[in-house]
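In: sequence unavailable; structure follows:
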């Protein structure tokens, strides 16, 4: 369980963080549609390599922060409000995802798609604070410890979760537009529910 739970929650956190249409997954879909699935998968591999390093760096930061109790408490409070605000946003204010081809990000670089994926993922700094909060929240709930195997399990779970969503965008993008109306129409509610649960768990831990 000390390995399975970090892997599972790392996977879940990645799915929640990556599933909304964003720069990386929409670019992967663009490459798939315009240049083929093979080149899109090379793009995804490059992005995943950077996500691996970003997530591992996040865990290292979280481990350092975890040694300073006053910082941990502050981050738990920040985490609670962040997840609460995200939950409210996805339930009340977020627009339905748009899957219009015109919204895709053009990729004109002559570099291989692998390095383009690395670059686009590298300029996206969201994963670092995101996984810092995830790591500290999991540690506070006693489902994660800052040891080598649990850390690798968490990072691996995040990479696998990201790869799952990227793969779905690459392979099923056209089908997602026409055959998954229920999921698309309720995506914000699904994400809002998950972030709400995380906020409640964080609040419970703060009160405890």
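Out: Looks like it arrived, so ask away. A quick note: this is a predicted structure, and the numbers were derived from the prediction, not measured.

In: buried ones in the longest helix anywhere in the chain?
Out: Secondary structure of the chain per DSSP state H: the longest helix is helix 148-179. In terms of neighbour count (16 or more other Cβ atoms under 10 Å), helix 148-179 has its buried residues at 150-159, 161-163, 165-170, 173, 176. Bear in mind the C-beta positions are built from the backbone N, C-alpha and C, glycine included.

In: and stretch 41-50, by the same measure?
Out: 41, 42, 43, 44, 46, 47, 48, 49, 50.

In: and the helices in this protein, which stretches?
Out: Applying DSSP H to the chain gives helices spanning 4-18, 23-35, 37-66, 69-88, 113-122, 127-140, 148-179, 181-185, 187-207.

In: what's the least confident stretch among those helices?
Out: Of all those, helix 181-185 carries the lowest average pLDDT, namely a mean of 55.

In: and residue 82, how many neighbours?
Out: 18 (other Cβ atoms under 10 Å).

In: surely it touches residue 133?
Out: Yes. The pair residue 82 and residue 133 qualifies as a contact (Cβ atoms under 8 Å) at a distance of 6.8 Å.

In: CSV please, covering the buried residues of stretch 41-50 and showing distance to residue 193.
Out: Converted to CSV, these look like this (distance: Cβ to Cβ, whole Å):
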residue, distance to residue 193
41, 31
42, 34
43, 31
44, 27
46, 32
47, 27
48, 27
49, 31
50, 29
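
In: of all pairs in those, which one is the farthest apart?
Out: 41 and 50 (15.5 Å; Cβ to Cβ).
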